[in-house]
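**Q** Requesting a structural model of the entry that follows:
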Amino acid sequence: MEVRVNGRIREFSEELSVEKLIHLEESPTEGLVVMVNDEIIAREVWDTRVISSEDEVELLCFVSGG
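**A** Numbering: from 1, shown residues only. Model (predicted):
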């Protein structure tokens, strides 16, 4: 299954949840916003929201500072 993650095409052998994708991408979860096909995915459903073939996923990490 092909999925575009942060602009890169990634190949996965099985369906995966948003949570599993975050783990595979080794993304920090603090300050993380996940978008799938331009829709923000609530943190509460990361473990149940399934990524489908040809989805476009953006993992956006926001930090505060000055």
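**Q** so residue 18 makes contact with residue 41?
**A** Yes - between residue 18 and residue 41 there is a contact under CB atoms under 8 Å: 5.6 Å. No exception for glycine: its C-beta is placed from N, CA and C like everyone else's.
**Q** ok, these two, which is more surrounded?
**A** With neighbours defined as other CB atoms under 10 Å, residue 18 and residue 41 compare such that residue 18 has more, 22 against 16.
**Q** Give me the distance between that one and residue 26.
**A** 14 Å (CB to CB, to the nearest Å).
**Q** likewise residue 49?
**A** For residue 49, the distance to residue 26 - CB to CB - is 19 Å.
**Q** Centre of the chain to stretch 36-54, how far?
**A** 7 Å (CA atoms, centre = their mean, to the nearest Å).
**Q** Distance-wise, check residue 59 relative to residue 45.
**A** Look at residue 59 and residue 45: by CB to CB, they are 15 Å apart.
**Q** what about these two, which has more around it?
**A** Taking neighbours as other CB under 10 Å, residue 59 and residue 45 compare with residue 59 leading, 17 against 12.
**Q** Skip the chain neighbours and tell me the closest residue to that one.
**A** residue 27 (5.0 Å; CB to CB, 6 or more residues apart in numbering).
**Q** what's the one you found sitting at in phi/psi?
**A** Here is the backbone geometry of residue 27 (degrees, to the nearest 10): phi -90, psi 140.
**Q** Before I go, just wanted to say thanks for your time.
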